[in-house]
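A.B. asks: structure, please.
(chains A and B)
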Amino acid sequence: MMQFLSWLESTAASEWVRGSPSLFAFPGILSCHTVGMGLAAGINAAIALRILGVAPSVPVGEMRRFLPAMWFGFWLNFFSGIGLLLGYPTKALTNPDFYLKLALIAAGVWLVGRIRDRMDEFPKGLAVWSLVCWGGAITAGRLLAYTYRHLMAGH
Amino acid sequence: MAHFQVSLVHWLANAAPPVAEFMRSKWGWPMAESIHFLGLSMLVGCIGLFDLRLLGMAKQIPIAALHKLIPWGLLGFAINITSGSLFLLTEPDQYIYNPSFQFKVLFIMIAGLNALLFYVTSWGRVNADGTIHAPRAGKVAAVISLSMWISVIVCGRLLTFYRPGGCPKEGPGLIADCNPQMKPEF
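C.D. replies: Next up, the predicted model:
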């Protein structure tokens, strides 16, 4: 495992993400990851709030129409996340918190589908779980910076 | 370094010692960061969604109806002003002298002014029952709002890369005290 991570860190792509002075390398990818987070988690939260009774004059089913913007944020984060992982694979993959974050996102994505299909029935339980999953994913993601045990496999 | 920045740093550094002490504890800073990112998502999720609606997404939803989400976006903003102040009170040097922070504050102020202008110029028409199409001024406000909040996020993330450096562990803690070059120029 460490051998593979060490090799991954030595690839040109990984070195570029980690070491390039370009603002489009690590700082840019990190910025994209945060904008995508706001869109994905934020729009899911807005949909959950509507289901829980906020903005009652909004026809609940029509909130589905914002899902493309939510998915835009999600895929932005999928790809920027791969970029960040490529830069510091050991930092994430040796930290249990990273797998917790992935599990929360997986559960959140599953809930998006469930909520979309049953939105007109006001699935309040699912909406609360959606808030928990996306809020949890944000918190777990933020804590990655403070809980890692190994920054890199190589020197 | 401008005089007012140095005074501001000194004032912030002495404004609330217990806050700085809490923030320097093991989980103080990480907790505040997590809350700051949750607030960010609430802000973008609610205000950004309203902007997208002004621009024509989800036309089936009356604009005035969706506006009821805005207080939740403002709650996110309030959460972030509060959690953001905790960082500022703990490491004022790292923000006040940081160009990325200066731009961040500027963009927040533009976003605020833009919102104010929106309510003055477009809100009357938008708030009429069942309005489907935002007036042009409303769409312009939405574009400005989206680009400002995205810029605020980007500046926030770039803070780390434009840190003004620090003082050696021993000696005075504030840059203006440990680095003579940072003394006020006038």
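
A.B. asks: which residue does chain A have closest to chain B?
C.D. replies: Across chain A, the shortest distance to chain B (Cβ to the nearest Cβ) belongs to residue A:42, at 2.2 Å. C-beta here means a position set from N, CA and C on the backbone, and glycine is covered the same way.

A.B. asks: wait, that residue touches residue B:42, no?
C.D. replies: Yes - counting by Cβ atoms under 8 Å, residue A:42 does reach residue B:42; the two are 6.4 Å apart.

A.B. asks: show me the contacts for the residue at the greatest distance from the centre of chain A.
C.D. replies: Here chain A reaches farthest from its C-alpha mean at residue A:57, the gap being 30.3 Å by Cα atoms, centre = their mean. Counting by Cβ atoms under 8 Å, 6 or more residues apart in numbering or on different chains, residue A:57 touches B:62, B:64, B:65, B:68.

A.B. asks: now with 10 Å, please.
C.D. replies: Residues counted as contacts of residue A:57 (Cβ atoms under 10 Å, 6 or more residues apart in numbering or on different chains) are B:61, B:62, B:64, B:65, B:66, B:67, B:68, B:129.

A.B. asks: by mean pLDDT, flag the weakest helix or strand of chain A.
C.D. replies: Within chain A, confidence by mean pLDDT, DSSP states H and E is lowest for helix A:2-10 among all helices and strands, at a mean of 94.

A.B. asks: for that helix, name the packing helices and strands.
C.D. replies: helix A:12-19, helix A:67-87, helix A:89-93 (3 or more Cβ pairs under 10 Å, 6 or more residues apart in numbering or on different chains; DSSP states H and E).

A.B. asks: now the longest one: mean pLDDT?
C.D. replies: Confidence over helix A:67-87, taken as the mean pLDDT, stands at 98.

A.B. asks: now the first one
C.D. replies: Helix A:12-19 shows a mean pLDDT of 96 in the predicted model.

A.B. asks: buried ones in that helix, by neighbour count?
C.D. replies: A:14, A:16, A:17 (16 or more other Cβ atoms under 10 Å in any protein chain shown).

A.B. asks: look at the closest residue to residue A:71 other than its chain neighbours and say how many residues are nearby.
C.D. replies: In space, not counting the residues next to it along the chain, residue A:71 is nearest to residue A:40; the distance is 7.9 Å by Cβ to Cβ, 6 or more residues apart in numbering or on different chains. Neighbour count for residue A:40, taken as other Cβ atoms under 10 Å in any protein chain shown: 30.

A.B. asks: got it, and residue A:61?
C.D. replies: Residue A:61: 11 neighbours (other Cβ under 10 Å).

A.B. asks: my read: it touches residue A:119, true?
C.D. replies: Yes - with contacts counted by Cβ atoms under 10 Å, residue A:61 reaches residue A:119, the gap being 5.2 Å.

A.B. asks: which SS class is residue A:116?
C.D. replies: What DSSP: H, G, I helix; E, B strand; the rest coil gives for residue A:116 is helix.

A.B. asks: just the pLDDT at it, thanks.
C.D. replies: 97.

A.B. asks: relative to chain A, which residue of chain B is the closest?
C.D. replies: The nearest approach of chain B to chain A comes at residue B:45, 2.2 Å away (Cβ to the nearest Cβ).

A.B. asks: so what's that residue up against?
C.D. replies: Shown in contact with residue B:45 (Cβ under 10 Å, 6+ apart): A:38-49, A:66, A:69-70, A:73, A:134, B:69, B:72-73, B:76.

A.B. asks: which non-adjacent residue is nearest it?
C.D. replies: Counting by Cβ to Cβ, 6+ apart, residue A:42 is the residue found nearest to residue B:45 once chain neighbours are left out, at 2.2 Å.

A.B. asks: what's the answer for residue B:78, then?
C.D. replies: Here the nearest residue to residue B:78 in space, its sequence neighbours aside, is residue B:39; by Cβ to Cβ, 6+ apart that works out to 7.9 Å.

A.B. asks: since that was my last question, I'll sign off now.
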